[in-house]
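Novice: The following block contains a protein sequence and its predicted model.
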Amino acid sequence: MKTKLFSSFIALLAAALLSAPGLSAKDAAAPVAMPKRPALRVDPSPVSDGKSAVLTSYADIVEPVQKAVVSVYSKKTVRERVSANPLMRQFFGDVPDQERERKEEGLGSGVIISPDGYILTNNHVVEGADELKVGLTDDREFIAKVIGTDPKTDVAVIKIEAENLPTLTLADSDKLRVGDVVFAVGNPLGVGQTVTSGIVSAKGRNQLGLLEGGYESFIQTDAAINMGNSGGALVDAKGRLVGINSAIISTSRGSIGLGFAIPINLASSVLQSLIATGTVSRGFLGVSAQTVIADDAAALGLPAGTRGAMITDVTPDSPADKAGLKRGDVVLTYNEHSVVSWEELRLMIAETMPNSAVKLGISRALDPKAAGPGKAARKGLVVEVNLAKFDEKPDELIAGVNVTPLTEELRARLRIPTRFNGLLIKSVDKDSPYVESLVPNLLIVQIDREDVTDLASAKAALTPGRHMMYVFYRGALRVVRIDLN
């Protein structure tokens, strides 16, 4: 059983700052002038050089960290439909279902990352909340507003109106090693701020199914994490923030030593984009691929032990297509960083800003005739690609309405006459404002008397205002009018 938790984690980073050379307690408390994006304190050095003295207590490290970890309380209104009592219908006929509302409260944690009140937490802590309240360790409480959320990484940024707040220093999570000591700080089960300890059990955990369709590259730890710890801090033995606690896998809804945190390098890149624009812009390459494992390497003519991602498909007219990438190419490096899996390559692309030029080191199979007897069957290439912007909803025509081109197979199955062409609605989200007028398997033939030929032109035609659509549905051509705000 996989369980996400609401939690609060930050108690290990301020002490390291006070002990850093040249940084006094007075300096740490001084207000920082904030630019448009928050000025984050970062210490990228490794946690240890392998010669650390034995410690009998981490209290001096943990104590200042706790001040920068907060509790996040959420309230949201849940609407649900209640069916009428069968006895009522028996005596009074067709009694309609009733809709009722109830208040739902949640508890999570967060980490203060700037003196003026920016806080990192999980998307699932704040998702759907009508009201957010943040509690500090000094018993002060603030109403918080959501700056931005990213369900694909489960990161959210909220803000409170305050000054001179305690913050945590960010470490370089790429330098974490399995076996490093870490601490989880949060408010599990609402008992109050709690610190648990453990080690880094694994890095780069993915394919866990914790983020549906998202980007998973979790730090795994055996530090106890329970419900309420979500959004809290995972810190190293210097009190630096290395991750945001996000989820557990458990058979009992309680901690069994399988906790997962979002690496701070990933979380901070999402944070910067959310603060600057309210959204996350991701790079787009335009390939599908699969991880090359040991057995694949031999079959592909690669040296034993080669790791990478083999391209299985290239999207037409995509950056990959324009750069000349082909099916069967094996991506070995991305901007000179080794690629060990498709999941890792996908995350690297997503973390790169659109319009960036990146260099891919690939291995390409040669034509058998060109290779000749005794010659290498593959060659190494470096391909430069200019990434485009990833569209989170590539098939969305208008809010919540997803379409697909009309294929001959769909035409035959839905019995659409050959004289009609256009875009077929494949799904309509339940919360779409057009759910009452547009339905799946409806063919959009014309918009404002202009034929619909492709998604791009249809989107361009649907400007704000009132529009008339000619649609074909269940054997009949009819008119649907929609208003776009």
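Specialist: All right, it came through fine.
Novice: May I see the buried residues of the host helix or strand of Val471?
Specialist: Assigned by DSSP states H and E, Val471 belongs to strand 465-473. Across strand 465-473, burial judged by 16 or more other Cβ atoms under 10 Å covers 467, 469-473. C-betas here are computed from N, CA, C, even on glycine.
Novice: Which secondary structure elements does that strand sit against?
Specialist: In this structure, strand 465-473 makes packing contacts with strand 443-447, strand 476-484, judged by 3 or more Cβ pairs under 8 Å, 6 or more residues apart in numbering; DSSP states H and E.
Novice: contacting residues for Val111?
Specialist: For Val111, the contact set (Cβ atoms under 8 Å, 6 or more residues apart in numbering) comprises 9-10, 68-70, 119-121, 168, 231-233, 241, 244.
Novice: Please flag which of those sit within strands.
Specialist: The strands, defined by DSSP state E, take in 69-70, 119-121, 233, 241, 244 from those.
Novice: how about CSV for those, with pLDDT added?
Specialist: Converted to CSV, the ones in strands among the contacts of Val111 look like this (pLDDT from 0 to 100):
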residue, pLDDT
Val69, 98
Val70, 98
Ile119, 97
Leu120, 98
Thr121, 98
Ala233, 98
Leu241, 98
Ile244, 98
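Novice: neighbour-wise, which of those leads?
Specialist: In terms of neighbours by other Cβ atoms under 10 Å, the ones in strands among the contacts of Val111 top out with Ala233 at 39 neighbours.
Novice: these two touch, right, it and Arg240?
Specialist: No. Counting by Cβ atoms under 8 Å, Ala233 does not reach Arg240; the two are 9.7 Å apart.
Novice: so Leu410, which of the three states?
Specialist: Taken by DSSP: H, G, I helix; E, B strand; the rest coil, the conformation at Leu410 corresponds to helix.
Novice: before we move on, the earlier item: need the least confident one among the helices and strands packed on strand 465-473, by mean pLDDT.
Specialist: For the helices and strands packed on strand 465-473, mean pLDDT drops lowest on strand 476-484, to a mean of 92.
Novice: So what are the sheet partners of that one and their directions?
Specialist: strand 465-473 (antiparallel) (DSSP bridges).
Novice: just the angle between the partner strand and strand 443-447, please?
Specialist: Strand 465-473 and strand 443-447 are oriented at 140 degrees to each other (axes from the mean of the first three to the mean of the last three Cα atoms, to 10 degrees).
Novice: what's in contact with strand 465-473?
Specialist: 416-417, 420, 422, 439, 441-449, 461, 477-484.
Novice: Can you show me the CA trace of it as PDB?
Specialist: Output of strand 465-473 as PDB, limited to C-alpha atoms (Å, rounded to 0.1, in the frame of the first residue of the first chain):
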ATOM      1  CA  GLY A 465     -16.100  35.600 -26.800                       C
ATOM      2  CA  ARG A 466     -19.100  33.700 -28.200                       C
ATOM      3  CA  HIS A 467     -18.600  31.000 -30.900                       C
ATOM      4  CA  MET A 468     -20.800  28.800 -32.900                       C
ATOM      5  CA  MET A 469     -19.700  25.200 -33.600                       C
ATOM      6  CA  TYR A 470     -21.100  22.800 -36.200                       C
ATOM      7  CA  VAL A 471     -20.700  19.300 -34.700                       C
ATOM      8  CA  PHE A 472     -21.600  15.800 -35.800                       C
ATOM      9  CA  TYR A 473     -22.900  13.500 -33.100                       C
END
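Novice: any idea which of the helices and strands packed on strand 465-473 is most buried?
Specialist: Of all the helices and strands packed on strand 465-473, strand 443-447 has the most neighbours on average by mean count of other Cβ atoms under 10 Å, namely a mean of 21.
Novice: Mind splitting the protein into its structural domains?
Specialist: Recorded structural domains for the chain (assignment: automatic domain parsing) are 1-280, 283-389, 396-484.
Novice: Flag whichever of these has the least confidence on average.
Specialist: domain 1-280 (a mean of 84).
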